[in-house]
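A.B. asks: one predicted model, sequence on top.
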Amino acid sequence: MEYISSDTNVWLDFMTIGRLELPFRLPYIYLMNEDAVHDELLSPPELSKNLLALGLVAAELTEEEFFLAEKYTESFSKLSIYDCVALAIAKCRNITLLTGDGQLRKAAQAERVSVIGTISILDQLYDGDYIAREEYLECLKRLQQYNGGKVRLPGKELEKRIGEK
């Protein structure tokens, strides 16, 4: 199993389309700092509880991750503290970062941390035969339906996949 450091927004995307459980079909262990789990995943109230039940792991920060996150708050002023923490976990543990946040993606690129997001998770689910074509397309269409509101994804990427598959 591969570990993934998780930001919040991808979970909100999957919750919005009613498919919160889908990413847990992949052979990943999703980590999120325990404070972020309890502070950021507040709405709706059952979100953190549901994610933990599905397999999200609330991770403690190491000393190295704490100090690196602190450094990131100075280097990347547009990031929240929990964005910096997710990036520090990914960097220190040499694992992929799961996020859809544009500023966090840029910071990860600057730090040479690999990033995946909502669309990539869906692609992996479909390409790995974890979901059928119909389910994949339904998820993409629902994301497209909410895009620009509750969901913020590259519209052209959604359209391209809907047209191709």
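C.D. replies: Received, thanks. Numbers count the residues shown, from 1 in each chain.

A.B. asks: would you map the helices across this structure?
C.D. replies: For the chain, the helices defined by DSSP state H cover 9-16, 34-39, 47-54, 63-75, 81-93, 102-110, 118-127, 133-146, 155-164.

A.B. asks: now do the shortest one: everything it contacts.
C.D. replies: In other words, helix 34-39. Helix 34-39 is contacted from outside by 8, 48, 51, 52, 56, 58, 59, 60, 82, 85, 86, using CB atoms under 8 Å, 6 or more residues apart in numbering. Bear in mind the C-beta positions are built from the backbone N, C-alpha and C, glycine included.

A.B. asks: and stretch 68-82, by the same measure?
C.D. replies: Contacts of stretch 68-82 (CB under 8 Å, 6+ apart): 7-8, 33, 35-36, 39-40, 61, 83-85, 87-88, 91-92, 103-104, 107, 110.

A.B. asks: buried among those? Make that a ChimeraX selection.
C.D. replies: Remark: buried members of the contacts of stretch 68-82, expressed as a ChimeraX selection using 16 or more other CB atoms under 10 Å:
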select :7,8,33,36,40,61,83,84,85,87,88,91,92,104,107
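
A.B. asks: from the chain's centroid, how far away is the helix or strand bottoming out on mean pLDDT in the chain?
C.D. replies: In the chain, no helix or strand scores lower on mean pLDDT, DSSP states H and E than helix 34-39, which sits at a mean of 85. Centroid displacement of helix 34-39 relative to its chain, using CA atoms, centre = their mean, to the nearest Å, is 15 Å.

A.B. asks: quick one: buried residues of stretch 1-9?
C.D. replies: Residues of stretch 1-9 classed as buried by neighbour count (16+ other CB under 10 Å): 3, 4, 5, 6, 7, 8, 9.

A.B. asks: what about it, average pLDDT?
C.D. replies: Averaged across stretch 1-9, pLDDT comes to 93.

A.B. asks: cool, thanks, signing off.
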